[in-house]
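Engineer: Model the following, please.
(2 chains)
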Amino acid sequence: MLDINIIREKPEWVKEQVARRFDNAPIDEIVAGDARRREILQEVEELRRQRNETSKEIGVAMGALKKREADLKRAEAGQDGGQPLDVLRAEVAAMTASAEAAKDKPREIGERIAQLDEELREVEETLHANMLWVPNIPDPSTPVGPDESFNLIHEPQGAPIPQFDFEPKPHWDLGPELGILDFERGVKLSGSRFYILRGAGARLQHAVIQFMLDMHVQKHGYEEIYPPFIVRSENFVTAGQLPKFYDNIYRDAEEDFMLLGTAEIALTNMHRDELMEEADLPIKYVAYTPCFRREKMSAGKDVRGIKRGHQFDKVEMYRYTTPETSFAALEEMKQEAIDICEALGFPYRVLELATGDISYASVKTYDIEVWAAGCGEWLEVSSASNCTDFQARRANARYRPAEGSKTRFCHTLNASGLALPRVMIAIMENNQQEDGSIVVPEVLRPYMGGREVIR
RNA sequence: GGAGGGAUGGCCGAGUGGACGAAGGCGAUGGUCUUGAAAACCAUUGUGGGUUUAGGCUCACCGAGGGUUCGAAUCCCUCUCCCUCCGCCA
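Structural biologist: Numbering: from 1, shown residues only, chains lettered A, B, ... in the order given. Okay, the predicted model is just below:
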């Protein structure tokens, strides 16, 4: 969500920014809706003020009336108030009549308020719906271009591209041959694009998860979070997945539950509607979760192997920062993802995503790709984004600055650290030997009972 | 799943449909006092929207959303969450 004030004050500039993303968010409608909203608001609030005023007067009159009625009652019971009964009766009758008459005006005002409220509700609903479709403003450093072909690709780093004196196999051959990957039975359970890791394969993935969590917790200073994997749809709106990606989410048919597509959704909502102190920031979370994505994947693309499925595991880093520190945090998080690649001995490269390729909530995104020797591809293992205050505004996650009292929205960032299937592919394919066995990266051996080779 | 009880400011906790943005307490901040501190005393102490050159004015918010009413923290309905009891269950 953008700040409505920016759109109100600089609509043309916002339109340019949206155009840089090759998006077509309805800025003109928003400007018109916002103006109409304030128009109605002023009118309706003036009416409310009038009604409050007269209601208070009625309140005072009713109070006096009640007293008089009490006097009358006492007098009728013979407890004598010193006034003749008929005078009292007439007075009470007159006061009742005038109080009743006084109700006409506020009642009339109330009807007009109800009308205006209805219109206001409609205007705000439309305005809000339109606002949800406006993407974040890209950072000036983000390369401009409509799609991934405009991404800025940096030189490969890390380990050299492995060379073999035999023909390296893709993981979809290596895995089944070693008995650590079972495609047939995965399909038997859940259909195409599902697989079963077994034996050393399951152990290996577990080892990678534990290794990554340990590094992020112990070296990078994150707090580990284990969130629910199914959450209410409002969490998806906050994180920016909804309304845009409704079709890609696995949903519960009976209740308002959705399966996480990424831990980012849960982590974005942890501090929803919270007011934090500046001293609390930065908050750094790391979470391991499975991720579920109902992707309408084209037949024939990425079908082989475990590169892309409807369920995969991921370790995700997440930060809440001040606005001043979010870009430095983005660089750190990119480096933290790289640290994992380095430790696992991967050749990797960094990409700066183009405006047309970064996610909706992001102003700047780095992708990290590792080389997989068997299928001969660079595979995306991490995506690190600065979402500035976009998600925080939707989440209403604010903090109180140490200096000055005006509350501000936090900035939020996310970075995979890393996505498991592609890491598994790289380990299997890059570390394979001629006999089809796989050398376990050294840093993982302590997590696998010292095992050095899977054969 | 069934039956009850609850949700009020940073926290605790009052609140017969009319003066309630909300008593009281705690906490926090500023001040008086003090060599300093504590105590005591005094004062201040929510968020968001609209409007305004400014000071200000105004509207909304008592779990959420509807309703009744001239007027709702208070009455009615729906929902969410928490607690107690019963049932079911890895």
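
Engineer: got the residues of chain A near RNA strand B?
Structural biologist: A:4, A:38, A:41-42, A:45-46, A:48-49, A:51-56, A:58-60, A:62-63, A:103, A:106-107, A:110, A:121, A:275, A:398, A:405, A:407 (C-beta under 7 Å from any atom of the strand). For glycine as for every other residue, the C-beta is placed from the backbone atoms N, C-alpha and C.

Engineer: let's go with 6 Å and repeat that
Structural biologist: Counting by C-beta under 6 Å from any atom of the strand, chain A comes close to RNA strand B at A:38, A:41-42, A:45, A:48-49, A:51-52, A:55, A:58-60, A:62-63, A:103, A:106-107, A:110, A:407.

Engineer: Pull out the buried members of those residues.
Structural biologist: A:Arg51, A:Ile58, A:Pro106 (16 or more other C-beta atoms under 10 Å).

Engineer: can you tell me which of the residues you listed lies nearest to RNA strand B?
Structural biologist: A:Pro106 (2.9 Å; C-beta to the nearest atom of the strand).

Engineer: hmm, back to that, looking at the buried ones among the residues of chain A next to RNA strand B, which are in helices?
Structural biologist: A:Arg51, A:Ile58, A:Pro106 (DSSP state H).

Engineer: These into a markdown table, with extra columns for pLDDT and distance to A:Pro138?
Structural biologist: A markdown table is the format used below for these (pLDDT from 0 to 100; distance: C-beta to C-beta, whole Å):
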| residue | pLDDT | distance to A:Pro138 |
| --- | --- | --- |
| A:Arg51 | 91 | 47 |
| A:Ile58 | 87 | 56 |
| A:Pro106 | 87 | 51 |
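
Engineer: and which of the residues you listed is nearest A:Arg8?
Structural biologist: Nearest to A:Arg8 among those is A:Arg51, at 29.0 Å by C-beta to C-beta.

Engineer: for the closest one, what are its contacts?
Structural biologist: A:Pro106, A:Ile109, A:Gly110, A:Ile113 (C-beta atoms under 8 Å, 6 or more residues apart in numbering).

Engineer: Please apply the same query to A:Pro162.
Structural biologist: Residues near A:Pro162 by C-beta under 8 Å, 6+ apart: A:Pro168, A:Pro347, A:Trp371, A:Ala373, A:Asn430.

Engineer: The closest residue to A:Glu69 other than its chain neighbours sits in which helix or strand?
Structural biologist: Distances taken as C-beta to C-beta, 6 or more residues apart in numbering place A:Val92 nearest to A:Glu69, at 5.7 Å, with adjacent residues excluded. Using DSSP states H and E, A:Val92 sits within helix A:85-102.

Engineer: With A:Gly110 instead?
Structural biologist: Per DSSP H and E: A:Gly110 is located in helix A:104-131.

Engineer: Helix, strand, or coil at the closest residue to RNA strand B within the stretch 201-350 of chain A?
Structural biologist: Residue nearest to RNA strand B within the stretch 201-350 of chain A (C-beta to the nearest atom of the strand): A:Leu275, separated by 6.9 Å. Per DSSP: H, G, I helix; E, B strand; the rest coil, the secondary structure class of A:Leu275 is strand.

Engineer: For it, give me its contacts.
Structural biologist: For A:Leu275, the contact set (C-beta under 8 Å, 6+ apart) comprises A:Arg398, A:Tyr399, A:Arg400, A:Thr407.

Engineer: what's across from it in the sheet?
Structural biologist: Residues in a beta bridge with A:Leu275, per DSSP bridges, are A:Arg398.

Engineer: For it, report the pLDDT, please.
Structural biologist: Looking at A:Leu275, its pLDDT reads 79.

Engineer: Show me the contact partners of stretch A:438-455.
Structural biologist: So stretch A:438-455 is in contact with A:174, A:178, A:180, A:200-201, A:203-204, A:206-208, A:210-211, A:343-345, A:427-428, A:431-433, A:435-437, going by C-beta under 8 Å, 6+ apart.

Engineer: and it, which residues are buried?
Structural biologist: Buried residues in stretch A:438-455, counted by 16+ other C-beta under 10 Å: A:Ile438, A:Val439, A:Val440, A:Pro441, A:Val443, A:Leu444, A:Arg445, A:Tyr447, A:Met448, A:Ile454.

Engineer: can you check stretch A:30-46 too?
Structural biologist: Buried-residue list, stretch A:30-46, by 16+ other C-beta under 10 Å: A:Ile30, A:Val31, A:Gly33, A:Asp34, A:Arg36, A:Arg37, A:Ile40, A:Val44.

Engineer: Over to stretch A:271-281?
Structural biologist: For stretch A:271-281, burial by neighbour count (16+ other C-beta under 10 Å) applies to A:His271, A:Met276, A:Leu281.

Engineer: same thing with stretch A:430-440?
Structural biologist: Result for stretch A:430-440 [16+ other C-beta under 10 Å]: buried residues A:Asn430, A:Asn431, A:Gln432, A:Ser437, A:Ile438, A:Val439, A:Val440.

Engineer: Which members of those residues are positioned in helices?
Structural biologist: A:Asn430.

Engineer: Just name the closest of the buried residues of stretch A:430-440 to RNA strand B, please.
Structural biologist: For those, the nearest to RNA strand B is A:Val440 (33.2 Å; C-beta to the nearest atom of the strand).

Engineer: Low-confidence ranges, the stretch 51-200 of chain A, go.
Structural biologist: A:80-82 (pLDDT under 70).

Engineer: rerun that using 80 as the cut-off
Structural biologist: A:63, A:66-67, A:70-85 (pLDDT under 80).

Engineer: go on, the stretch 201-350 of chain A?
Structural biologist: Residues of the stretch 201-350 of chain A meeting the criterion pLDDT under 80: A:275, A:277, A:296-303.

Engineer: Would you list the phi and psi of A:Lys314?
Structural biologist: Main-chain dihedrals, A:Lys314, degrees, to the nearest 10: phi -150, psi 150.

Engineer: Pull the number of nearby residues for the nearest residue to it once chain neighbours are set aside.
Structural biologist: Spatial nearest neighbour of A:Lys314, excluding adjacent residues (C-beta to C-beta, 6+ apart): A:Ala419 at 4.8 Å. Here the count is done by other C-beta atoms under 10 Å, and A:Ala419 has 21 residues near it.

Engineer: what's the answer for A:Ala253, then?
Structural biologist: 5.

Engineer: hang on, A:Leu351 in a helix?
Structural biologist: No: with three-state DSSP as the criterion, A:Leu351 is located in strand rather than a helix.

Engineer: Does the residue nearest to it when sequence neighbours are not counted lie in a helix or a strand, and which?
Structural biologist: Nearest residue to A:Leu351, sequence neighbours excluded (C-beta to C-beta, 6+ apart): A:Asp367, at 4.3 Å. Here A:Asp367 sits within strand A:364-372, counting by DSSP H and E.
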